[in-house]
Every structure is written in C-alpha cells, then in structure tokens.
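**Q** Sequence and predicted structure, then a few things I'm wondering about:
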Amino acid sequence: MRLLLIADTHLPSRAKDLPAQVWREVDAADLVVHAGDWVSADLLDRLEERAEVLGCWGNNDGAALRARLPEVARVVLEGVRVAVVHQTGGRAGREARADLAHPDTDLLVFGHSHIPWDTVTPSGMRLLNPGSPTDRRRQPVCTYMTARLHDGAVCDVVVHPTSRQAMNPAAGT
C-alpha cells in the first residue's frame, strides 16, 4: 500500500494550492495521510474526490474541520496500526511521550513543526513528520513524504522536496 504523507498545508493562507507534484502523488497513492493544519475544508473536499484520506485536525483548524476530523485518527492497514495526530510536543522526549500516548500504534504520523522527522521509539513505533509542502518555515525547502506498508512493516520512507515554482510567491517559499 502506497501512502502520501502531508501536514501543515495551511491553505489558502500559506499557498493558494498544493504544488502540482503533490497532486500527482495524491493520484498515485492508495491513501493520503494528512496530519492537520489544513486551515480550509476545501482541501479536504478536493482530496476526498481523488483519494482515500486519513486525517486529523490541527491547532489552526476551525469548527468545520473539527466537525469532520478526529483529534487522533486510527486505522489498521496491511497489518500496521497507524495513528495520525497533529502535535506531539517538543523534540526532546518525543519518542517516550509517543510511546505513552499511543501504546497500540506501529506508525504515528504527526505534524505541527513543519520539520521532517523519522525516528523509532523505544517500543519500536515509527514516528514520521512529513514537514509541510507549502510552508518551509525554518527548513531549506518545503517537503512531503511517501511510504509503503507491506506485510506489517513500514517500508520505503522518502522525504521529497517540493518544487519552488509550484509555490505561492506570497508565501515566501
């Protein structure tokens, strides 16, 4: 199963739309995982028209998105227990906090920082943050991730930079 991992899209405040290369990944994915801070429900609608979506709300998401999405989304796919949450707290102690907060999880996808992250907790849970495809914040480029789930394992995790030409110039990316 091919996953597209995105977070912190902040549409339309940080960009007018997702970069074209991310839309191509949406079409190639079996599941789009969005770890919150959509800002507008329009993106959720557009993604659901093109793909299966697993998502949660973030701290910048209002009532419309919170009514449609959980704070933590969970599903079992290919034998992998997947959870999606927006915030996991600061980087120091993240792995231990994640183990405590999500004990029955094999893969935790999160956002909030706009910083790509890929680690494994002491219990063996994989932690992935795809960064942001529309707001690089303190990073050199905007990013998203792809991954595969196969026979109970998370495989082929790749961080992808987004094309700067696809970004909204007003967003500063």
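**A** Thanks, I have it.

**Q** and Gly90, how many neighbours?
**A** Neighbour count for Gly90, taken as other CB atoms under 10 Å: 9. Where you see a C-beta, it was placed from the backbone N, CA and C, and this is true even at glycine.

**Q** now do Leu11
**A** When neighbours are counted by other CB under 10 Å, Leu11 comes out with 21.

**Q** and Pro12, what pLDDT?
**A** Per-residue confidence at Pro12 stands at 93 (pLDDT).

**Q** Who are the contact partners of it?
**A** For Pro12, the contact set (CB atoms under 8 Å, 6 or more residues apart in numbering) comprises 39-40.

**Q** Low-confidence stretches in the protein?
**A** 164-173 (pLDDT under 70).

**Q** and with 50 instead?
**A** 165-173 (pLDDT under 50).

**Q** Check the contact between Val80 and Leu107; I expect there is one.
**A** Yes: counting by CB atoms under 8 Å, Val80 does reach Leu107; the two are 5.5 Å apart.

**Q** Would you mind listing the residues touching both of these two?
**A** In contact with both Val80 and Leu107: 149, 154, using CB under 8 Å, 6+ apart.

**Q** Spell out the residue ranges of the strands in the chain.
**A** For the chain, applying DSSP state E gives strands covering 2-6, 31-34, 53-55, 72-77, 80-85, 107-109, 117-120, 126-129, 143-150, 153-161.
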